[in-house]
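*Asks:* Predicted model and sequence follow; I will ask about them next.
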Amino acid sequence: MIKMSDIRNKSEAELVEIVNTARETVRAERFKDKFSRKAGVINGAKTEIARALTELTARRRNNDAK
(Lines give C-alpha, C1' and ligand atoms only; values in the text may rest on other atoms or scores of the structure.)
Protein backbone atom coordinates (compact mmCIF):
# COMPACT_ATOMS: atom_id res chain seq x y z
CA MET A 1 0.00 0.00 0.00
CA ILE A 2 1.26 3.45 -0.88
CA LYS A 3 1.57 6.05 1.85
CA MET A 4 -0.13 9.41 1.43
CA SER A 5 3.23 11.20 1.69
CA ASP A 6 4.45 9.21 -1.33
CA ILE A 7 1.28 10.00 -3.26
CA ARG A 8 1.75 13.75 -2.71
CA ASN A 9 5.15 13.54 -4.43
CA LYS A 10 3.80 11.93 -7.61
CA SER A 11 2.71 13.71 -10.78
CA GLU A 12 -0.87 13.76 -12.02
CA ALA A 13 -0.07 11.20 -14.72
CA GLU A 14 1.39 8.83 -12.13
CA LEU A 15 -1.68 9.26 -9.92
CA VAL A 16 -4.01 8.47 -12.81
CA GLU A 17 -1.93 5.36 -13.53
CA ILE A 18 -2.18 4.30 -9.87
CA VAL A 19 -5.97 4.68 -9.98
CA ASN A 20 -6.29 2.70 -13.22
CA THR A 21 -4.02 -0.09 -11.99
CA ALA A 22 -5.79 -0.35 -8.64
CA ARG A 23 -9.21 -0.40 -10.31
CA GLU A 24 -8.07 -3.23 -12.58
CA THR A 25 -6.80 -5.12 -9.52
CA VAL A 26 -10.18 -4.77 -7.80
CA ARG A 27 -11.99 -5.85 -10.95
CA ALA A 28 -9.74 -8.88 -11.41
CA GLU A 29 -10.11 -9.96 -7.78
CA ARG A 30 -13.89 -9.59 -7.81
CA PHE A 31 -14.28 -11.95 -10.75
CA LYS A 32 -12.04 -14.66 -9.35
CA ASP A 33 -13.43 -17.85 -7.91
CA LYS A 34 -15.13 -17.34 -4.55
CA PHE A 35 -12.44 -19.26 -2.70
CA SER A 36 -9.42 -17.65 -4.34
CA ARG A 37 -10.41 -14.02 -3.70
CA LYS A 38 -8.30 -12.06 -1.28
CA ALA A 39 -10.17 -9.42 0.70
CA GLY A 40 -6.92 -7.77 1.77
CA VAL A 41 -5.89 -7.19 -1.83
CA ILE A 42 -9.26 -5.65 -2.65
CA ASN A 43 -9.25 -3.43 0.44
CA GLY A 44 -5.68 -2.29 -0.20
CA ALA A 45 -6.45 -1.42 -3.80
CA LYS A 46 -9.56 0.51 -2.78
CA THR A 47 -7.48 2.46 -0.27
CA GLU A 48 -4.94 3.33 -2.98
CA ILE A 49 -7.76 4.48 -5.26
CA ALA A 50 -9.21 6.71 -2.55
CA ARG A 51 -5.86 8.26 -1.64
CA ALA A 52 -4.91 8.96 -5.25
CA LEU A 53 -8.32 10.43 -6.10
CA THR A 54 -8.23 12.57 -2.96
CA GLU A 55 -4.89 14.04 -4.00
CA LEU A 56 -6.04 14.58 -7.60
CA THR A 57 -9.18 16.36 -6.43
CA ALA A 58 -7.21 18.55 -4.03
CA ARG A 59 -4.77 19.54 -6.77
CA ARG A 60 -7.54 20.35 -9.23
CA ARG A 61 -9.39 22.47 -6.68
CA ASN A 62 -6.21 24.37 -5.83
CA ASN A 63 -5.57 25.03 -9.53
CA ASP A 64 -9.15 26.21 -10.06
CA ALA A 65 -9.00 28.54 -7.06
CA LYS A 66 -5.88 30.31 -8.36
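*Replies:* Yep, that arrived.

*Asks:* Would you mind measuring from Lys3 to Lys10?
*Replies:* From Lys3 over to Lys10 the distance is 11 Å, taken as CB to CB, to the nearest Å. Heads up, the C-betas are built off the backbone N, CA and C, glycines and all.

*Asks:* So these two - more neighbours on which side?
*Replies:* More crowded of Lys3 and Lys10, by other CB atoms under 10 Å: Lys10, with 16 against 9.

*Asks:* Could you pull up the residues touching Glu12?
*Replies:* Shown in contact with Glu12 (CB atoms under 8 Å, 6 or more residues apart in numbering): 56, 59.

*Asks:* now do 10 Å
*Replies:* 52, 55-56, 59-60, 63 (CB atoms under 10 Å, 6 or more residues apart in numbering).

*Asks:* which helix of this structure spans the most residues?
*Replies:* In the chain, assigned by DSSP state H, the helix with the most residues is helix 39-65.

*Asks:* helices and strands around that one, which ones?
*Replies:* Judged by 3 or more CB pairs under 10 Å, 6 or more residues apart in numbering; DSSP states H and E, helix 39-65 is in contact with helix 4-8, helix 12-30.

*Asks:* closest one to Ala45 among those helices?
*Replies:* Comparison of those against Ala45 by CB to CB identifies helix 12-30 as nearest, at 4.2 Å.

*Asks:* Buried residues of the closest one, list them for me.
*Replies:* Across helix 12-30, burial judged by 16 or more other CB atoms under 10 Å covers 15, 18-19, 22, 25-26, 29.

*Asks:* Point to the residue nearest the middle of this structure.
*Replies:* By CA atoms, centre = their mean, the chain has its centre lying nearest to Ile49, at 2.1 Å.

*Asks:* May I see the buried residues of helix 12-30 organised as JSON lines, with distance to Gly40 and pLDDT added?
*Replies:* Formatted as JSON lines, those follow (distance: CB to CB, whole Å; pLDDT from 0 to 100):
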{"residue": "Leu15", "distance to Gly40": "23", "pLDDT": "96"}
{"residue": "Ile18", "distance to Gly40": "18", "pLDDT": "96"}
{"residue": "Val19", "distance to Gly40": "19", "pLDDT": "97"}
{"residue": "Ala22", "distance to Gly40": "14", "pLDDT": "97"}
{"residue": "Thr25", "distance to Gly40": "12", "pLDDT": "97"}
{"residue": "Val26", "distance to Gly40": "12", "pLDDT": "96"}
{"residue": "Glu29", "distance to Gly40": "10", "pLDDT": "95"}
